[in-house]
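Engineer: Sequence first, then the predicted structure:
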Amino acid sequence: MAISYFVTYPLLVVFFGMFVFFVYNIIMAGRGAVKIDPTDAGQAQGEIVNIRSSSGENSAFINLIIQVRFVTADHKIVNTEGRAVIDVVKIPEYQKGVKVPVTYSKKEPKKIKINIPSPLDK
């Protein structure tokens, strides 16, 4: 009977710890997402000024940080950056000088979403 406490309680602690870890990761995964209110959204064509990749590890997809320049509806020139994920074979389509569709916040124009279709949406 005493041996079951040495097995049961540590297993309960391990599974509880795993549960807390997964819930924490799910909550933290959405923190970096840019949220723009649809009533505050503006559309523009942004020119890629700079592009760099962040780690995609050993994947067929690349995480990009794209710096764009675009003109807002009230004729302000904005330089900012956004994130996107592309397929490796589409790298030549996203080089300096290429125009990409951008959704921006009219209140905070530096807050953008680059409207590149995700390779996971098929």
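Structural biologist: Arrived safely. Everything numeric here is computed off the predicted structure, so don't read it as measured data. Residues are numbered from 1 along each chain as shown.

Engineer: Grab the longest strand from this protein for me.
Structural biologist: Assignment by DSSP state E gives strand 41-54 as the longest strand of the chain.

Engineer: Give me the below-cutoff pLDDT ranges for this structure.
Structural biologist: 1-3, 28-32, 55-58, 122 (pLDDT under 70).

Engineer: Please enumerate the strands of it.
Structural biologist: Taking DSSP E, the strands of the chain run over residues 41-54, 61-71, 77-87, 99-105, 112-114.

Engineer: can you give me the offset of the third one from its chain's centre?
Structural biologist: Okay, so that is strand 77-87. 10 Å (C-alpha atoms, centre = their mean, to the nearest Å).

Engineer: Show me which positions of it end up buried.
Structural biologist: 78, 80-84, 86 (16 or more other C-beta atoms under 10 Å). All C-beta atoms are positioned from the backbone trio N, CA, C, and that covers glycine.

Engineer: CA-only coordinates of stretch 64-81 in CSV, if you can.
Structural biologist: In CSV, the C-alpha atoms belonging to stretch 64-81 read as follows (Å, rounded to 0.1, in the frame of the first residue of the first chain):
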residue,chain,number,x,y,z
LEU,A,64,9.9,36.4,-42.4
ILE,A,65,10.2,39.8,-40.8
ILE,A,66,9.4,42.2,-43.7
GLN,A,67,10.0,45.9,-43.5
VAL,A,68,7.6,47.8,-45.7
ARG,A,69,7.0,51.4,-46.8
PHE,A,70,3.4,52.4,-47.7
VAL,A,71,1.3,55.5,-47.9
THR,A,72,-1.8,55.8,-45.7
ALA,A,73,-5.2,57.1,-46.8
ASP,A,74,-4.3,60.5,-45.4
HIS,A,75,-1.1,60.6,-47.4
LYS,A,76,1.4,59.8,-44.6
ILE,A,77,4.5,57.7,-45.6
VAL,A,78,5.0,54.9,-43.0
ASN,A,79,8.0,52.6,-42.6
THR,A,80,7.3,49.6,-40.4
GLU,A,81,7.7,45.9,-40.2
